[in-house]
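[1] Dropping the sequence and predicted coords here.
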Amino acid sequence: MTRMCSLTQLLDLVSVTLSDSLVKSVGRKRRSVLKPRNPVKKRAKNAQAENPIEKLRSHERFWLPDGNVVIELDDIRFRGHQSWLAQHSKRIAASLPSKGKDGGQFEQITLDFRGKLKAKDFETLLLLYDNPGNFRCAIEPLTLMSLIRAATSLDFDSDRVWLVKELEALWPSSLEEVTASLESRLDAPKVFALARMCNIDGLLKPAFYEMARLPGLGLDKLEESEQIGYADVLRLVRIREYLGDMWVQAAMREDPSFVCPNLYGAPSNDGERTSTPFEQVDEKPVLGSTTSAIVASTCLLVTSRCEAWARLVHDSGIFIRYRYDPLRGLAALRNIEWTNDWCKDCKEKRKLDWYTMQRIIWEKIDEYLRED
């Protein structure tokens, strides 16, 4: 009986203890909810969010101690001299207060160009002015593009002119120069994006063609800031289809409508049929003519020519190699050592036809670029 009373008392004690703990816990939660927040800490957090300058760092080299213009790009701050920057950059000059334009003294000002230009591009432009000797030799294409972006964005007009000419020299727009280079231009997407961004029309056509022949149109080579528009992607898809169709038309097989004009019985230029060997039995042979000479002056039968075409165009890998590059593919066809399955006149005519097709394709690209 005593043991049972002790057990009952123990359970009552535990129940009371748990109830007291629960009441205290609820009380603490209520006090914490009702407790006012610290306004000082809240203002400090808001100030940090509204003052992103604390997250910016000063450039190691181009933070001049006596500079009076701060330019913010990405997460970097540059500081330079107002007079020098205004002299070279129309955009910076237009952004300065009128007091600074008149030559008077003014306090340090900050120009925020974040989102309009990359810090790396501006740094490259400043390096050009800081040590121009390093840029006297051939400038790397990527460096050229970086300089052009900065010069265009900040209106460094005098320098933009020669920088664009340097890049255009690396991207010739004539048909002969384009077909002379056999290497794939993997930087074509970047050049095309730059040409669109900076309105450099002379670069659009060669870069557009080079993109069309790249796997996936080379779109995976672009960074987020270099993406091209949806309309240009559609143009690329259409021109790629056109290039493939033109190449198949030219190189899949010999034109089935082709007839050697030197064959007996083939239509002459005036539309009349020439005489066949049987019709010329009574005619006197040309002095010194032989059977081999007759064969050399005419094309062989279709079967022989088809076999030769398969060997020279398909087995050699030419057909696959230039699947979306008909300009260079047609140049390769013109340079083939065509066998005696074709006569000399037909070989020359074919080369002329292929050159004409090259010019038609090259001019067609302009039409695709102008499409809406």
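    Ah, there it is.
[2] Go through stretch 79-86 and flag the buried ones.
    79-80, 82, 85-86 (16 or more other Cβ atoms under 10 Å). For glycine as for every other residue, the C-beta is placed from the backbone atoms N, C-alpha and C.
[3] just checking, what packs against the helix or strand encompassing Ala207?
    Using DSSP states H and E, Ala207 falls within helix 201-212. Counting contacts by 3 or more Cβ pairs under 8 Å, 6 or more residues apart in numbering; DSSP states H and E, helix 201-212 packs against helix 157-170, helix 188-198, helix 230-251, helix 344-370.
[4] Give me the neighbour count for the residue nearest to Asp345 when sequence neighbours are not counted.
    Distance criterion Cβ to Cβ, 6 or more residues apart in numbering; nearest residue to Asp345, sequence neighbours excluded, is Asn262 at 6.1 Å. The number of residues packed near Asn262 is 15, by other Cβ atoms under 10 Å.
[5] Surely Asn262 and Trp342 touch.
    No - if you go by Cβ atoms under 8 Å, Asn262 and Trp342 don't touch, sitting 10.3 Å apart.
[6] Find residues that contact each of these two.
    Cys299 (Cβ atoms under 8 Å, 6 or more residues apart in numbering).
[7] residues in contact with stretch 83-93?
    69, 71, 96, 100-101, 111, 129, 153-159.
[8] And these, which of them are buried?
    69, 71, 96, 100, 111, 153-154, 156, 159.
[9] Let me have these in JSON lines, extended by secondary structure.
    Shown next, in JSON lines, are those (DSSP: H, G, I helix; E, B strand; the rest coil):
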{"residue": "Val69", "secondary structure": "strand"}
{"residue": "Ile71", "secondary structure": "strand"}
{"residue": "Leu96", "secondary structure": "coil"}
{"residue": "Gly100", "secondary structure": "helix"}
{"residue": "Leu111", "secondary structure": "strand"}
{"residue": "Ser153", "secondary structure": "helix"}
{"residue": "Leu154", "secondary structure": "coil"}
{"residue": "Phe156", "secondary structure": "coil"}
{"residue": "Asp159", "secondary structure": "helix"}
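[10] Show me the two of the residues you listed that sit farthest apart.
    Gly100 and Asp159 (22.3 Å; Cβ to Cβ).
[11] Spell out the secondary structure type for Trp309.
    helix.
[12] now the strands for the protein?
    Here the chain has its strands, by DSSP state E, at 57-63, 69-73, 76-80, 109-112.
[13] ok so, going back, which one of the buried residues of stretch 79-86 is nearest to Arg359?
    Among the buried residues of stretch 79-86, and counting by Cβ to Cβ, the member closest to Arg359 is Leu85, at 47.8 Å.
[14] Let me know the distance separating the closest one from Ser58.
    17 Å (Cβ to Cβ, to the nearest Å).
[15] Let me see the contact set for the residue nearest to Ile200 when sequence neighbours are not counted.
    Closest residue to Ile200 apart from its sequence neighbours, by Cβ to Cβ, 6+ apart: Val164 at 5.7 Å. Counting by Cβ under 8 Å, 6+ apart, Val164 makes contact with 148, 198, 200, 202.
[16] Please pick the buried ones from these.
    Using 16+ other Cβ under 10 Å, the buried ones in those are 148, 198, 200.
[17] any chance of the buried residues of stretch 79-86 in JSON lines, with distance to Cys137 and pLDDT too?
    Converted to JSON lines, the buried residues of stretch 79-86 look like this (distance: Cβ to Cβ, whole Å; pLDDT from 0 to 100):
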{"residue": "Arg79", "distance to Cys137": "30", "pLDDT": "92"}
{"residue": "Gly80", "distance to Cys137": "26", "pLDDT": "91"}
{"residue": "Gln82", "distance to Cys137": "32", "pLDDT": "89"}
{"residue": "Leu85", "distance to Cys137": "27", "pLDDT": "91"}
{"residue": "Ala86", "distance to Cys137": "30", "pLDDT": "89"}
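[18] In a markdown table, list these along with distance to Ala119.
    A markdown table is the format used below for the buried residues of stretch 79-86 (distance: Cβ to Cβ, whole Å):
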| residue | distance to Ala119 |
| --- | --- |
| Arg79 | 13 |
| Gly80 | 14 |
| Gln82 | 20 |
| Leu85 | 16 |
| Ala86 | 20 |
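[19] and which of these is nearest Val237?
    Leu85 (43.4 Å).
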